[in-house]
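J.: test case, fold it:
(one chain, ligands or ions: 1)
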Amino acid sequence: MGVLIGQNVPTPGLAFALGVASHFMLDLIPHGDSQLYTNYKEGQAVNRSLIYVAVDSALAIIIFIYLLETAPYASRETMIAGVVGGICPDFLVALGEGVKIRPLLWFQRLHIRIHNAIASRVGNISLGMGIFIQLVLLAAMIFIVKR
Ligand SMILES: [Zn+2]
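T.: Numbering: from 1, shown residues only. Next up is the predicted model:
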């Protein structure tokens, strides 16, 4: 989403801000990964969680490079700023896992509250359904930008 935002805004600052905002908007859509995170926090199935994150990150990098390399007119600066903004919230959450300072812990709680806002009200979905929804959203975003 950060790359796609960066392709359509004029400045890196705006791309970064919209990247951060898009992160929270997309986090609202249930991912089916809440149990994965709970297990990780409780020290259960840690390897499974780490493999999931590694595969997710590798796919994100591949898609990022594809979108970066195939963007016809857009500025690399704004696309990279959009991606950095989109990654920033999860980076701060991960940083909070290691560096237990009050602002990061506050941010972690806010992030989780937003991440689980819909899933905790309507019930969570399976991880498989979460991955399916994300792939459909990704395909739709790429289709809209590439048409
Ligand atoms: Zn997030």
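
J.: quick check: phi and psi at residue 75.
T.: Note on residue 75: its backbone torsions stand at phi -80, psi 130 [degrees, to the nearest 10].

J.: same question, residue 7
T.: phi -80, psi -10.

J.: and the most centrally placed residue in the chain, which of the three is it?
T.: Residue closest to the average C-alpha location in the chain (C-alpha atoms, centre = their mean): residue 23, at 5.4 Å. Each residue gets one of three states, and residue 23 gets helix by DSSP: H, G, I helix; E, B strand; the rest coil.

J.: tell me if I'm right that it and residue 91 touch.
T.: No - taking contacts as C-beta atoms under 8 Å, residue 23 lies outside contact range of residue 91: 10.2 Å. C-beta coordinates here come from the backbone N, C-alpha and C atoms, glycine included.

J.: residues shared between the contacts of the two?
T.: Counting by C-beta atoms under 8 Å, 6 or more residues apart in numbering, residue 23 and residue 91 have no contacts in common.

J.: gap between residue 84 and residue 64?
T.: 11 Å (C-beta to C-beta, to the nearest Å).

J.: quick one: list the elements packing against the helix or strand residue 51 falls within.
T.: According to DSSP states H and E, residue 51 maps onto helix 46-70. In terms of contacts (3 or more C-beta pairs under 8 Å, 6 or more residues apart in numbering; DSSP states H and E), helix 46-70 is packed against helix 2-6, helix 34-41, helix 76-98, helix 127-146.

J.: worst mean pLDDT across the helices and strands of the chain, which element?
T.: helix 34-41 (a mean of 78; mean pLDDT, DSSP states H and E).

J.: and that helix, what's buried?
T.: 34, 36, 37, 40 (16 or more other C-beta atoms under 10 Å).

J.: so who does the last one touch?
T.: So that's residue 40. 46, 49, 50.

J.: show the pLDDT at the second one.
T.: Meaning residue 49. Note for residue 49: predicted pLDDT of 82.

J.: my guess is it contacts residue 38. True?
T.: No - taking contacts as C-beta under 8 Å, residue 49 lies outside contact range of residue 38: 9.7 Å.

J.: returning to what we had before: for residue 10, state which of the buried residues of helix 34-41 is nearest.
T.: When these are ranked by distance to residue 10 (C-beta to C-beta), residue 37 comes first, at 36.0 Å.
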